[in-house]
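**Q** The following block contains a protein sequence and its predicted model.
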2 protein chains.
Amino acid sequence: MKMSEKVLEIEKINEKLTERNGFMANCQRLIDTEDDETFLSVFSTIPDFPVGYASAEKAMALISGKWKYTILRRIFIRRRMRYSELKKSLEADGITDNMLSSSLKEMVQAGLLTKTIYAEVPPRVEYSITAKAIELYRIILRLAMWYITYEKKELQELLEAAETKDL
Amino acid sequence: MKMSEKVLEIEKINEKLTERNGFMANCQRLIDTEDDETFLSVFSTIPDFPVGYASAEKAMALISGKWKYTILRRIFIRRRMRYSELKKSLEADGITDNMLSSSLKEMVQAGLLTKTIYAEVPPRVEYSITAKAIELYRIILRLAMWYITYEKKELQELLEAAETKDL
DNA sequence: CTGAATCCTAAACGATACTG
DNA sequence: CAGTATCGTTTAGGATTCAG
């Protein structure tokens, strides 16, 4: 490897880091806006940044699928679980080995779970949650709250309609 | 409708509201925890509440699919767009009428967009964003930031590896 | 016990044509 | 202009079997 190649590689990484720092700053600016009008004004001033937008999609892809969120929740309760415990815990929901193992593999790959293999007979494998998964879960909680907030508004309307209903 | 039925209906709605208020409070408690250890401790004390957990999945379902997030982003820039504008704007990405119209329909149904039909010839239809969509977008931005934070860590490691690499 | 491999089904997606 | 209807394709998910 030549000196010039090394410099080029370092430059390339630094460029990516700079891009991402800029995107992070813009995200924070948007989140911090106090009202919707300001949000939209700021939004329209931010240049299109495909790499940043793709990151939201990639993040959602990491927890997409029918089982990942359910699996994550189970492990959160116990902090770490072995394969058979998870299987037993999720059997009532109808999960198959196929889905469980492939979901676990993807979540380990995504850095949401840590897989520990113990050299025992019979083999023991444990999955534990990572700090990255906990941070993600905080955001998922916000999503849940967002959904419920609007569900509550609908329920309030139903309530008022029911209370004023003629007999 | 009898008096007893009306009372029963009101009671049922109030029960649902109480459930959701409890879930919201627990969500907030979790989000407010300062460190991961506290998060997990609190998490394990919270009783299982399927309705609440389902809400996170429902929220994610509202923006799942190949096009919804992309469409939302486009409309955010302009605040309101007509069908043909959206179509033209997304044609380079390869969207078809089929996907665009069905996605729009679902997003209107979800309360993320408002559809306005103008009684003109030729017909004019505009889609505008709602306050609900803006609140959702703030959360999506947090997801993006979460993803990029860990991507940056990986880039930092690559950078260090590149800098210490022998020539 | 902890999965991977195979095959099959159902749902999402895409291409094309057509309409009020 | 703003869609819908139809049909073909791709992919996610499920059932079953087998292996280290």
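**A** On my side now, so go ahead.
**Q** residue ranges of the strands in chain A, please?
**A** A:80-82, A:113-118, A:124-129 (DSSP state E).
**Q** Make JSON lines out of those and add mean neighbour count.
**A** Where you see a C-beta, it was placed from the backbone N, CA and C, and this is true even at glycine. JSON lines is the format used below for those (neighbours: other Cβ atoms under 10 Å in any protein chain shown):
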{"stretch": "strand A:80-82", "mean neighbour count": "17"}
{"stretch": "strand A:113-118", "mean neighbour count": "14"}
{"stretch": "strand A:124-129", "mean neighbour count": "17"}
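**Q** Redo the ones you listed as TSV? Include mean pLDDT and distance to chain B.
**A** Putting those into TSV (pLDDT from 0 to 100; distance: least, Cβ to the nearest Cβ, whole Å) gives the following:
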stretch	mean pLDDT	distance to chain B
strand A:80-82	97	11
strand A:113-118	98	13
strand A:124-129	98	8
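**Q** tell me the contacts of residue A:139?
**A** Contacts of residue A:139 were listed using Cβ atoms under 8 Å, 6 or more residues apart in numbering or on different chains, and they are B:139, B:142, B:143, B:146.
**Q** distance of it from DNA strand C?
**A** Taking Cβ to the nearest atom of the strand, to the nearest Å as the measure, residue A:139 falls 22 Å from DNA strand C.
**Q** Distance to DNA strand D added to the strands of chain A, as CSV?
**A** Shown next, in CSV, are the strands of chain A (distance: least, Cβ to the nearest atom of the strand, whole Å):
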stretch, distance to DNA strand D
strand A:80-82, 12
strand A:113-118, 11
strand A:124-129, 9
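**Q** residues from chain A in reach of DNA strand D?
**A** Taking Cβ under 7 Å from any atom of the strand as the criterion, chain A approaches DNA strand D at residues A:64, A:65, A:66, A:67, A:94, A:95, A:96, A:97, A:98, A:99, A:123.
**Q** sorry, back to before: now the strands of chain A in CSV, with distance to residue A:54?
**A** Putting those into CSV (distance: least, Cβ to Cβ, whole Å) gives the following:
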stretch, distance to residue A:54
strand A:80-82, 32
strand A:113-118, 23
strand A:124-129, 26
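**Q** what about residue A:46, how many neighbours?
**A** Neighbour count of residue A:46, defined by other Cβ atoms under 10 Å in any protein chain shown: 16.
**Q** what's the answer for the one 10 residues further on, then?
**A** Number of residues near residue A:56 (other Cβ under 10 Å) recorded here: 24.
**Q** That one reaches residue B:143, doesn't it?
**A** Yes: at 5.4 Å, residue A:56 counts as touching residue B:143 under the criterion of Cβ atoms under 8 Å.
**Q** re earlier: for residue A:7, state which of the residues of chain A next to DNA strand D is nearest.
**A** Of all the residues of chain A next to DNA strand D, the one sitting nearest residue A:7 is residue A:64; the distance, using Cβ to Cβ, is 39.3 Å.
**Q** Kindly format the C-alpha coordinates of stretch A:69-83 as PDB.
**A** Output of stretch A:69-83 as PDB, limited to C-alpha atoms (Å, rounded to 0.1, in the frame of the first residue of the first chain):
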ATOM      1  CA  TYR A  69     -39.800  -6.200  18.400                       C
ATOM      2  CA  THR A  70     -41.500  -9.000  20.200                       C
ATOM      3  CA  ILE A  71     -38.200 -10.900  20.800                       C
ATOM      4  CA  LEU A  72     -36.600  -7.700  21.900                       C
ATOM      5  CA  ARG A  73     -39.300  -7.100  24.500                       C
ATOM      6  CA  ARG A  74     -39.000 -10.600  26.000                       C
ATOM      7  CA  ILE A  75     -35.200 -10.300  26.400                       C
ATOM      8  CA  PHE A  76     -35.600  -6.800  28.000                       C
ATOM      9  CA  ILE A  77     -37.600  -8.300  30.800                       C
ATOM     10  CA  ARG A  78     -34.900 -10.900  31.700                       C
ATOM     11  CA  ARG A  79     -31.900  -9.000  30.300                       C
ATOM     12  CA  ARG A  80     -30.500 -12.300  28.900                       C
ATOM     13  CA  MET A  81     -32.100 -15.400  27.700                       C
ATOM     14  CA  ARG A  82     -31.100 -18.600  26.000                       C
ATOM     15  CA  TYR A  83     -32.500 -19.900  22.800                       C
END
